[in-house]
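**Q** give the three-dimensional model of this entry:
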Amino acid sequence: MADKSAALATEKEARDVAESARESEWSGPSFVRELFLGRFRLDLIHPHPADDPEEEARARPFFDKLAAFLRRVDSDMIDRTGEIPEEYVQELRTMGAFGIKIPREYGGLGLSYTSYVKAMAMVTSKDGSLTALLSAHQSIGLPQPLKLFGTDEQKRRFFPRLAKGAISAFALTEVDAGSDPANMHATATPSDDGKSFILNGEKLWCTNGTRAELLVVMARTPDAPGKDGKPRKQITAFIVEASWPGVEIVHRCRFMGLKALENALIRFTNVKVPRENILWGEGKGLKLALTTLNTGRLTLPASAAGGSKAMLNVSRWWSNERVQWGAPIGKHEAVAQKVGMMAANTFAMEAISGLTVGLAEHGGYDIRLEAAIAKMYNTEHGWRIVDDTLQIRGGRGYETADSLRARGEPAIPIERAMRDFRINLIFEGSSEIMRLFIAREAVDHHFKLAFPIVAPESSFGQRVRAAAKSAPFYATWYPSRWLPRATTYGEFGSLAKHLRFAERRARKLGRSLFHAMVRFGPRLERKQMVLFRAVDIGAELFAIAAACVRAQMLAKKGNSKAVALADLFCREARVRVDALFDRFYGSNDQAIYRVAQQVLRGEHAWLEQGIVGMMDIEAEAELATEEGAEKDEPAVAR
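**A** Coordinates of the predicted model:
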């Protein structure tokens with residue numbers, strides 16, 4: 001239960017903490033940022049970043065070992081027992097799977113991010129629990145922030161251990177602090193001599209926490225004066241050894257899927273952390289976390305694409321194998337439409353993931369929006385693909401692999417895939433948080449220029465200055481959002497019409513966001529249903545562009561089949577885009593919100609009558625409080 005004695009942050013405090021950690025400046029161009037400004041800058045993503053033949057050759061031996069290992073893995077046993085055998089973990093260590101991106105000078109494989117996400121896609125196609133183990137260690141665990149922000153001395157100390165398989169974890173979330181870090185209660189207080197910090201608090205849902213040797217822990221350090229001179233909350237990142245006194249694994253969390261997930265509630269009691277174990281700098285922890293997640297999120301889009309490929313493989317086989325009413329079920333339109341869209345969406349998911357990783361690998365781009373959209377879009381579309389696969393398999397999709405095997409049928413674990421995949425819409429930023437993040441960045445340019453004009457707290461002088469500052473931009477930008485471009489995209493052949501559509505709708509998106517700001521003023525940030533439609537339009541336009549660019553790249557390499565998949569995907573995406581524009585302002589939004597508030601006030605509790613229900617909320621809360629007061633749960637043995 002949450003500690004209700006600890007005061008939660010106000011709305012303003014939460015916003016201030018989040019804004020202080022935002023990357024307020026753009027480190028490079030961004031295709032998606034330009035989209036939200038009504039500019040279709042295809043030159044930023046076309047031609048598609050090229051693969052590196054030398055990197056592919058370096059990675060091939062590792063991929064061969066990984067594939068051979070995965071074929072031997074008994075994933076049904078892992079799911080059944082909720083444990084990953086130590087011999088599996090040791091074999092992964094031996095092949096270097098915990099040090100894929102760690103430079104070779106420190107004992108790692110020194111492979112690229114492209115190779116890393118391809119490896120995670122391969123693992124996901126077999127076992128989600130293994131993906132969680134490897135990716136939590138390398139995407140958000142110590143290797144990634146150490147590579148980005150670690151000192152040379154820290155890299156010399158920790159990289160060799162990590163490369164050999166010392167598992168790491170990332171400890172940010174608390175009972176009251178998830179997407180809202182202002183509610184963080186874990187503290188790190190400087191010692192009297194200033195040489196160390198004393199860490200106290202608890203961290204929840206720490207993936208790899210029950211198995212980790214090294215932890216990246218976020219904690220509040222003493223407030224520092226902000227730009228306005230007022231105290232500002234500081235969050236600092238520390239490297240913590242799990243073996244240190246005061247570090248306690250209180251509970252191993254269990255979930256509906258990923259049964260072998262090594263996830264922990266961890267308690268820190270007077271843990272002495274040397275000052276040299278601070279990552280990046282005091283007060284930079286939250287910005288470190290957000291920056292790490294910007295690239296760390298690239299694992300999930302690739303994993304979602306890998307899992308979707310596995311679902312497509314099963315669906316294609318079963319749609320040919322299963323005969324009903326005198327024909328394979330794939331010949332019936334009810335199933336054929338699922339298979340067709342499954343293939344088109346899987347292609348688009350791989351295009352989005354491959355393009356975003358390629359831009360990150362190339363360097364010089366700011367991919368925070370591309371990464372967020374890739375995570376949001378691929379996990380949501382991947383979930384639909386898993387759901388459709390289960391529907392195509394019917395009762396066999398709902399039946400466990402062990403049960404199928406016991407009665408002599410192929411043990412295809414679709415129900416496990418569904419249980420394992422669902423967390424991806426929550427991991428590393430839920431879909432709702434991703435949309436909020438994208439929406440905030442989407443309107444950032446307008447807010448910087450024009451927000452003071454409509455902000456109620458602005459003085460007359462501030463309004464005049466803001467108007468003078470913004471006038472030159474809007475005098476040219478706004479009229480140009482109505483003028484068509486002469487670009488034909490002829491080199492894309494049959495896909496050119498989709499790019500012309502995307503270019504036109506991008507200009508409309510830019511206008512629509514500006515109109516929304518004028519219409520709602522400061523209230524726009526609360527109009528999440530409107531903003532989310534804008535985000536979804538931007539995501540679809542990015543997906544259209546990515547699919548076309550990848551299809552053309554593959555066609556040049558001799559794979560003309562990709563064009564058909566891109567064409568089908570774009571046709572359907574265009575329908576979704578126009579539907580979103582048609583209801584951009586949501587004529588029913590107010591009615592939906594009004595009823596929701598009535599429900600929350602209990603005005604429709606009558607609708608819940610006639611059931612027993614899953615829990616008595618008040619009784620459960622009282623019982624949990626009593627049990628917590630009587631005893632602490634025993635620590636889990638390492």
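**Q** residue contacts, residue 554?
**A** For residue 554, the contact set (Cβ atoms under 8 Å, 6 or more residues apart in numbering) comprises residue 562. C-beta here means a position set from N, CA and C on the backbone, and glycine is covered the same way.
**Q** is it fair to say it lies in a helix?
**A** Yes. Assigned with DSSP: H, G, I helix; E, B strand; the rest coil, residue 554 falls within a helix.
**Q** and it, how far is that from residue 53?
**A** 16 Å (Cβ to Cβ, to the nearest Å).
**Q** residues touching residue 117, list them.
**A** 298-299, 301-303, 353, 357.
**Q** what kind of secondary structure is residue 47 in?
**A** coil.
**Q** buried residues of stretch 400-407, list them for me.
**A** 400-401, 404 (16 or more other Cβ atoms under 10 Å).
**Q** any chance of those in a markdown table, plus pLDDT, secondary structure and distance to residue 463?
**A** Below are those laid out as a markdown table (pLDDT from 0 to 100; DSSP: H, G, I helix; E, B strand; the rest coil; distance: Cβ to Cβ, whole Å):
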| residue | pLDDT | secondary structure | distance to residue 463 |
| --- | --- | --- | --- |
| 400 | 98 | coil | 64 |
| 401 | 98 | helix | 65 |
| 404 | 98 | helix | 68 |
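**Q** quick check, nearest of the residues you listed to residue 216?
**A** residue 401 (35.4 Å; Cβ to Cβ).
**Q** hmm, residue 342 is touching residue 388, no?
**A** Yes. Counting by Cβ atoms under 8 Å, residue 342 touches residue 388, with 6.0 Å between them.
**Q** ok so, going back, what is the nearest of the buried residues of stretch 400-407 to residue 31?
**A** residue 401 (41.3 Å).
**Q** beyond the helix or strand in which residue 465 is found, next helix or strand please.
**A** Assessed by DSSP states H and E, residue 465 sits inside helix 460-480. Using DSSP H and E, the helix or strand that follows helix 460-480 towards the C-terminus is helix 496-520.
**Q** mean confidence score for that following helix?
**A** Here helix 496-520 scores 95 as its mean pLDDT.
**Q** list the buried ones in that helix?
**A** In helix 496-520, counting by 16+ other Cβ under 10 Å, buried: 496-503, 505-510, 512-514, 516-517, 520.
**Q** what is it packed up against?
**A** helix 31-36, helix 444-454, helix 528-556, helix 561-582 (3 or more Cβ pairs under 8 Å, 6 or more residues apart in numbering; DSSP states H and E).
**Q** what's the angle from the longest one to helix 496-520?
**A** Helix 528-556 runs at 160 degrees relative to helix 496-520, counting by axes from the mean of the first three to the mean of the last three Cα atoms, to 10 degrees.
**Q** and helix 528-556, how far out from the chain's middle?
**A** 17 Å (Cα atoms, centre = their mean, to the nearest Å).
**Q** in it, what counts as buried?
**A** Going by neighbour count (16+ other Cβ under 10 Å), the buried part of helix 528-556 is 528-555.
**Q** quick one, it and helix 561-582 angle?
**A** Per the same axes, to 10 degrees, the angle that helix 528-556 makes with helix 561-582 is 160 degrees.
**Q** re earlier: widest-spaced pair of the contacts of residue 117?
**A** 303 and 357 (12.1 Å).
**Q** checking the residue nearest to residue 189 when sequence neighbours are not counted next. Helix, strand or coil?
**A** The shortest distance from residue 189 to any non-neighbouring residue, by Cβ to Cβ, 6 or more residues apart in numbering, is to residue 198 (4.9 Å). The assignment at residue 198 comes out as strand when based on three-state DSSP.
**Q** can you name the residues that contact residue 198?
**A** Counting by Cβ under 8 Å, 6+ apart, residue 198 has contacts 188-191, 270-273.
**Q** that one and residue 267, how far apart?
**A** 14 Å.
**Q** rewinding a little: quick check: buried residues in the helix holding residue 465?
**A** Those would be 466, 470, 477, for helix 460-480 by 16+ other Cβ under 10 Å.
**Q** so the second one touches residue 445, yeah?
**A** Pointing back at residue 470 there. No. Judged on Cβ under 8 Å, residue 470 makes no contact with residue 445 at a distance of 10.1 Å.
**Q** now do the shared contacts for residue 342 and residue 388.
**A** Common neighbours of residue 342 and residue 388 (Cβ under 8 Å, 6+ apart) are 311, 315.
**Q** between the two, which one's more packed in?
**A** residue 342 (24 against 21; other Cβ atoms under 10 Å).
**Q** and the more buried one, what element?
**A** Going by DSSP H and E, residue 342 is part of helix 333-362.
**Q** give me the contact list for stretch 481-491.
**A** By Cβ under 8 Å, 6+ apart, stretch 481-491 touches 38, 40, 42, 495-496, 499-500, 503-504, 507-508, 510-511, 514, 552.
**Q** determine which two of these are furthest apart.
**A** Longest span within these, Cβ to Cβ: 514 and 552, 31.8 Å.
**Q** give me the neighbour count for residue 80.
**A** Residue 80 - counted by other Cβ under 10 Å - has 15 other residues nearby.
**Q** how about TSV for the contacts of residue 117, with neighbour count added?
**A** Shown next, in TSV, are the contacts of residue 117 (neighbours: other Cβ atoms under 10 Å):
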residue	neighbour count
298	26
299	29
301	31
302	30
303	29
353	29
357	27
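**Q** against residue 570, how distant is the nearest residue in space to residue 505 that is not next to it in sequence?
**A** Spatial nearest neighbour of residue 505, excluding adjacent residues (Cβ to Cβ, 6+ apart): residue 577 at 5.6 Å. Applying Cβ to Cβ, one obtains 10 Å for the distance of residue 577 from residue 570.
**Q** find residues that contact each of the two.
**A** Common neighbours of residue 577 and residue 570 (Cβ under 8 Å, 6+ apart) are residue 501.
**Q** ok, back up a step: mean pLDDT lowest for which of the helices and strands packed on helix 496-520?
**A** For the helices and strands packed on helix 496-520, where the average pLDDT is lowest is helix 444-454, sitting at a mean of 79.
**Q** what mean pLDDT does stretch 102-122 get?
**A** 97.
**Q** ugh, wrong one, stretch 152-169
**A** Mean predicted confidence for stretch 152-169 is 98.
**Q** shaky segments in the chain?
**A** 1-7, 9, 11-22, 24, 454, 615, 617-638 (pLDDT under 70).
**Q** now do the strands in it.
**A** With DSSP state E as the criterion, the chain has strands at 168-171, 187-190, 196-207, 214-225, 231-241, 247-253, 263-274, 278-279, 323-324, 327-328.
**Q** what's the most buried one of those strands?
**A** With neighbours taken as mean count of other Cβ atoms under 10 Å, those reach their highest mean count in strand 168-171, at a mean of 28.
**Q** and it, how far from the chain's centre?
**A** Between the centre of strand 168-171 and the centre of its chain there are 16 Å (Cα atoms, centre = their mean).
**Q** contact partners of that strand?
**A** Contacts of strand 168-171 (Cβ under 8 Å, 6+ apart): 136-137, 140-143, 162, 203, 206-209, 212-218, 240, 264, 266, 289, 292.
**Q** do stretch 426-436 as well
**A** Residues contacting stretch 426-436 (Cβ under 8 Å, 6+ apart): 139-140, 179, 293, 296-297, 300, 372-373, 375-376, 379-380, 425, 437, 528, 531-532, 535-536.
**Q** next: stretch 394-409.
**A** 76, 80, 389-391, 410-416.
**Q** of all those, which two lie farthest apart?
**A** 80 and 391, at 24.7 Å, using Cβ to Cβ across these.
**Q** distance of the closest residue to residue 319 other than its chain neighbours relative to residue 281?
**A** Among residues not flanking residue 319 along the chain, residue 330 sits closest, at 3.1 Å (Cβ to Cβ, 6+ apart). Counting by Cβ to Cβ, the separation of residue 330 from residue 281 is 58 Å.
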